[in-house]
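Visitor: Can you look at this prediction? I've put the sequence above it.
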Amino acid sequence: MSSTTLSEAYRDHPLSLHHVIPLDFNTIPTVPDSHLWPPSDDDFPSDDRLSIPVVDLMDPDAVKLIGDACETWGVFHLTGHGIPLSLLEHVEVEGRQLFSLPAEQKLKALRSPGGATGYGVAQISPFFPKYMWHEGFTIMGSPLEQAIQLWPDDHKRFCDVMDDYQKQMKMLAEKVISLIMRSLEIHEEMIRIWPEPAGTALQLNSYPSCPDPNRVMGLAPHTDSLLLTILHQSATTTGLQIFKEEVGWVLVYPIHGALVVNVGDLLHILSNARFPSVLHRAIVSQSKHRLSVAYFYGPPPDFNVTPLVKCLNSDQMTGFLSVTVKEYISIKAKNLEKALSLIRI
Ligand SMILES: O=C(O)CCC(=O)C(=O)O
Ligand SMILES: [Fe+2]
């Protein structure tokens, strides 16, 4: 049994209170200066049909297909995953209901400055000079404590859906990770190398429609810290973009019923940099309110993360310093995108 929980690992890096409260997007007719980002000169692919791979989990070649997708893109669409469509719909309905509450109601579940769970701006906000067109709600384990604040008499359905979703996502994440380990030719006994409880979090992201979508940022470019992220994005509008070297920002068009799986920093380390921890961001729409639900999965906070395979093109096992999950979260909380380079050998 691990001695620290994931939320404790985040607690050491408090934000100041004004960094936690999102804008009340419903009452804002124009974009305030605090949320206006400089015009961008980003690169986009010359072929706008370029898209991330799609892998069917039931495909007899799934191990190879997932390994190839992780290596070349660090992200892929997953179909055949067995998560009922109705559960994906329910999680989205509950999320939309939460974000459509009046601002003063949502503030009752505000994340505390040193806390990891509840309602608030993106955790990466302090690293950027402008605020994002985004509000989030983070769940670790049971959402009961916050849900009671939001709906004193009527929180059961929200909690049941979030509990069920997290349970199913955990099983799926473990299945995908075991296929990834096989693709790295890691020995069968080594596949299940960390004890329970896994470090997991569920992040509901809301991107309200925006009068000037080209001048705001939904979620600024970042990599995810843990091993693997499984993302459900609403099918009604696009928003997720991933950065591909030598290509630029590639839009990830939602595929109905498919989930987006991406490599996180810890898997980049375990794979000795064979798999890129994919840089991604979210843009917003002028007319549609977009919702996404990200499930983050990693080993327990006290687990030592160290490369499991040799570096490509060399016999070296030591591409990275060995760090615990908790130590890595702490390095990331202070350094954001420089964190991986700080532990490279
Ligand atoms: O909304 C999205 O598509 C991306 C969300 C995301 O990157 C995150 O929650 O870490
Ligand atoms: Fe992310």
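Guide: Sure, I can see it. Ligands and ions are numbered 1, 2, ... in the order given.

Visitor: Show me where this structure has its helices.
Guide: For the chain, the helices defined by DSSP state H occupy 6-11, 62-72, 85-99, 103-106, 144-150, 156-183, 188-191, 265-270, 325-335, 339-343.

Visitor: Just send the ones you listed back as TSV, with mean pLDDT too.
Guide: Shown next, in TSV, are these (pLDDT from 0 to 100):
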stretch	mean pLDDT
helix 6-11	67
helix 62-72	98
helix 85-99	98
helix 103-106	95
helix 144-150	96
helix 156-183	96
helix 188-191	63
helix 265-270	96
helix 325-335	94
helix 339-343	93
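
Visitor: Would you mark the buried spots in stretch 134-146?
Guide: Within stretch 134-146, the residues scored as buried using 16 or more other Cβ atoms under 10 Å are H134, E135, G136, F137, T138, I139, M140, G141, P143, Q146. C-beta here means a position set from N, CA and C on the backbone, and glycine is covered the same way.

Visitor: for stretch 159-170, that is, sorry about that
Guide: For stretch 159-170, using 16+ other Cβ under 10 Å, the buried residues are C159, V161, M162, D163, Y165, Q166, Q168, M169, K170.

Visitor: mind checking how far the second one is from ligand 1?
Guide: When you say that, I think you mean V161. The gap separating V161 from ligand 1 is 18 Å, by Cβ to the nearest ligand atom, to the nearest Å.

Visitor: Pretty sure that residue sits against E89.
Guide: No: applying Cβ atoms under 8 Å as the test, V161 and E89 come out as separate, 9.9 Å apart.

Visitor: Excluding residues flanking it in the chain, which one is nearest the residue of the stretch 101-250 of the chain found nearest ligand 1?
Guide: Relative to ligand 1, the nearest point of the stretch 101-250 of the chain is L240 (3.4 Å; Cβ to the nearest ligand atom). Nearest non-adjacent residue to L240, counting by Cβ to Cβ, 6 or more residues apart in numbering: V252, 4.3 Å away.

Visitor: count of residues packed around the one you found?
Guide: Using other Cβ atoms under 10 Å, V252 has 21 neighbouring residues.

Visitor: all strands of this structure, in order?
Guide: Counting by DSSP state E, the chain has strands at residues 54-56, 75-79, 118-120, 135-139, 199-207, 219-222, 228-233, 240-244, 248-251, 259-263, 280-282, 290-298, 304-305, 323-324.

Visitor: Show me how far the fifth one is from its chain's centre.
Guide: For strand 199-207, the separation from the chain centroid amounts to 7 Å (computed by Cα atoms, centre = their mean, to the nearest Å).

Visitor: Spell out which residues of the protein are next to ligand 1.
Guide: Residues of the chain that fall close to ligand 1, judged by Cβ under 6 Å from any ligand atom: Q203, N205, L219, D224, L231, Q233, G239, L240, H280, A282, S292, A294.

Visitor: gap between the last one and R281?
Guide: The span separating A294 from R281 equals 13 Å under the rule Cβ to Cβ, to the nearest Å.

Visitor: Those two: which is more packed in?
Guide: A294 (22 against 18).

Visitor: Just confirm that one contacts L219, I think it does.
Guide: No: using Cβ under 8 Å, A294 is not in contact with L219; the gap is 9.8 Å.

Visitor: which neighbours do the two share?
Guide: Shared contacts of A294 and L219 (Cβ atoms under 8 Å, 6 or more residues apart in numbering): N205.

Visitor: which stretches of this protein have low pLDDT?
Guide: 1-4, 9-19, 188-192, 311-317 (pLDDT under 70).
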